[in-house]
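Student: pasting the sequence and the predicted coordinates here, then a few questions.
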Amino acid sequence: MKLLILDRDGVINYDSDAYIKSVEEWIPLPGAIEAIAQLSKAGWTVAIATNQSGIARGYYDIATLDAMHARLRALVAEQGGEVGLIVYCPHCPDQGCDCRKPKPGMLRTIAAHYDVDLIECWFVGDSLGDLQAAEAVGSQPVLVKTGKGLKTLTKVLPVNTLVFDDLAAVAAELINK
């Protein structure tokens with residue numbers, strides 16, 4: 001199985017320091033939906049691991065989050081693709097869970113769901129926490145320059161981190177590889 005794991009905010013859709021609190025605020029980045037559909041049509045399973053502390057903070061509820069993800073799935077389906085498992089951490093950073101990135105709990109959940117070894121997977125994110133989660137499970141850390149990516153580039157990145165302009169560039173590399 002060819003599995004690609006993506007962060008959501010800043011990779012697939014625009015991010016906001018004020019949180020994405022509604023379906024109306026969930027706006028895909030240019031080329032991201034098409035990239036997921038192209039990967040899917042090329043035989044890749046595309047899963048998502050996303051921190052969503054806005055739930056614990058009371059900014060939106062799980063039904064709203066599910067509606068955002070239904071919108072994502074519908075947009076990708078319109079392009080002939082499919083989105084795989086979506087897992088999220090609803091906790092605040094200080095709640096001590098094992099799922100919030102940079103901890104690798106969500107990545108392990110995806111691996112167990114698909115019965116795959118994460119060493120063979122790429123994890124694409126825009127933050128240092130995303131890259132650290134990938135590193136913790138032996139996945140290939142991949143940074144995109146969208147979202148917080150340019151700011152993340154100024155930090156010390158895990159060894160062997162790959163850097164791409166956006167999700168479309170990641171898709172092109174994997175499909176043409």
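Tutor: Yep, that arrived. Numbering: from 1, shown residues only.
Student: which helix runs longest in the chain?
Tutor: Looking only at the chain and at elements set by DSSP state H, the helix with the highest residue count is helix 62-78.
Student: which helices and strands does it pack with?
Tutor: In terms of contact count using 3 or more Cβ pairs under 8 Å, 6 or more residues apart in numbering; DSSP states H and E, helix 62-78 is assigned the packing partners helix 32-41, strand 86-89. (C-beta placed from N, C-alpha, C; glycine too.)
Student: show me what the shortest one is in contact with.
Tutor: Just to be clear, that refers to strand 86-89. Taking contacts as Cβ atoms under 8 Å, 6 or more residues apart in numbering, the residues outside strand 86-89 that touch it are 47-53, 55, 65, 69, 72, 97, 99-101, 105-106, 109-110.
Student: filter the residues you listed down to the ones in helices?
Tutor: L65, H69, L72, G105, M106, T109, I110.
Student: residues contacting the fourth one?
Tutor: For G105, the set of contacting residues under the criterion of Cβ under 8 Å, 6+ apart consists of C89, C97, D98, C99.
Student: which of those residues are buried? Put it as a PyMOL command.
Tutor: Applying 16 or more other Cβ atoms under 10 Å to these leaves a buried subset, and the PyMOL line that selects it is:
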select buried, resi 89+99
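Student: what sits closest to S40 if chain neighbours are left out?
Tutor: With sequence-adjacent residues excluded and distances taken as Cβ to Cβ, 6 or more residues apart in numbering, S40 is closest to G81, at 3.4 Å.
Student: wait, the one you found sits on G43?
Tutor: No: at 11.1 Å, G81 does not count as touching G43 under the criterion of Cβ atoms under 8 Å.
Student: looking at those two, which one has more neighbours?
Tutor: Residue environment comparison for G81 versus G43 gives the larger neighbour count to G81, 21 against 9, counting by other Cβ atoms under 10 Å.
Student: now stretch 143-153: buried residues?
Tutor: Neighbour counts over stretch 143-153 (16+ other Cβ under 10 Å) mark L143, V144, K145, T146, G147, K148, G149, T152 as buried.
Student: hmm, I was thinking of stretch 2-11
Tutor: Of the residues in stretch 2-11, those buried under the neighbour-count criterion (16+ other Cβ under 10 Å) are L3, L4, I5, L6, D7, R8, D9, G10, V11.
Student: what helices or strands is the longest strand belonging to the chain leaning on?
Tutor: As far as residue count goes, and with DSSP state E defining each element, the longest strand of the chain is strand 44-51. Contacts of strand 44-51 with other secondary structure elements, assessed using 3+ Cβ pairs under 8 Å, 6+ apart, are made with strand 2-6, helix 32-41, strand 86-89, helix 105-114.
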